[in-house]
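Engineer: Please work out how this folds:
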Amino acid sequence: MDTAQTAAVWSRMNDGYFLRHTPEEIAWHTRLLAEREPDDASPIVAVREATERGGNSVLTYMPHRQHNFARTTALLDQMGLTSSMRASPRSRAASASTPTWCSRTRARR
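Structural biologist: Next comes the predicted model:
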């Protein structure tokens, strides 16, 4: 991934995104988002192990629709997972996709 690809991804995010996520999370998100065309509206769902947080990190990225966050948490609940979630701010461009990030998801005991 080159500097132009990174800049293109980061230009879609506002300052709040960079304040809420660790450098490791931002790098992971950037790699995933740089692989797709900017106008691709298909959802992304990715999971990675996050042992330092006691579970897995789940990334969902999709066009903004009303209740995205509620739908995501309901689905995780149906799957028997608990979560500590963060919804990232909307991207800068009004027509761009809105990222929703959820992390620290672990199976119920």
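Engineer: all helices of this protein, in order?
Structural biologist: Listed from the start of the chain, the chain has helices (DSSP state H) covering 3-10, 15-20, 23-34, 68-78.
Engineer: Mind giving me the packing neighbours of the longest one?
Structural biologist: Which is helix 23-34. Helix 23-34 makes packing contacts with helix 3-10, strand 44-50, strand 55-62, strand 98-107 when contacts are defined by 3 or more C-beta pairs under 8 Å, 6 or more residues apart in numbering; DSSP states H and E. C-beta here means a position set from N, CA and C on the backbone, and glycine is covered the same way.
Engineer: returning to what we had before: if you compare the helices of the chain, which one is most tucked away?
Structural biologist: Ranked by mean neighbour count, these are led by helix 23-34 with a mean of 16 (mean count of other C-beta atoms under 10 Å).
Engineer: now that helix: how far from the chain's centre is it?
Structural biologist: Taking C-alpha atoms, centre = their mean, to the nearest Å, the mean C-alpha location of helix 23-34 is offset from the chain mean by 9 Å.
Engineer: Mind pulling up the pLDDT for residue 73?
Structural biologist: What the model reports for residue 73 is a pLDDT of 79.
Engineer: which stretches of this structure have low pLDDT?
Structural biologist: Scanning the chain with the threshold set as pLDDT under 70 gives 51-54, 83-109.
Engineer: give me every residue that touches the spatially closest residue to residue 10 that is not a sequence neighbour.
Structural biologist: For residue 10, the nearest residue in space outside its immediate sequence neighbours is residue 30; the separation is 7.1 Å by C-beta to C-beta, 6 or more residues apart in numbering. Contacts here follow C-beta atoms under 8 Å, 6 or more residues apart in numbering; on that basis residue 30 touches 1, 6, 9-10.
Engineer: how much space between the closest residue to residue 72 other than its chain neighbours and residue 20?
Structural biologist: Leaving out its chain neighbours, the residue that sits closest to residue 72 by C-beta to C-beta, 6+ apart is residue 60, at 5.6 Å. Applying C-beta to C-beta, to the nearest Å, the value for residue 60 to residue 20 is 15 Å.
Engineer: Count the neighbours of residue 36 for me.
Structural biologist: 14 (other C-beta atoms under 10 Å).
Engineer: I figured the residue nearest to residue 72 hits residue 44, correct?
Structural biologist: Yes. A contact is recorded between residue 60 and residue 44 when judged using C-beta atoms under 8 Å, the distance being 7.0 Å.
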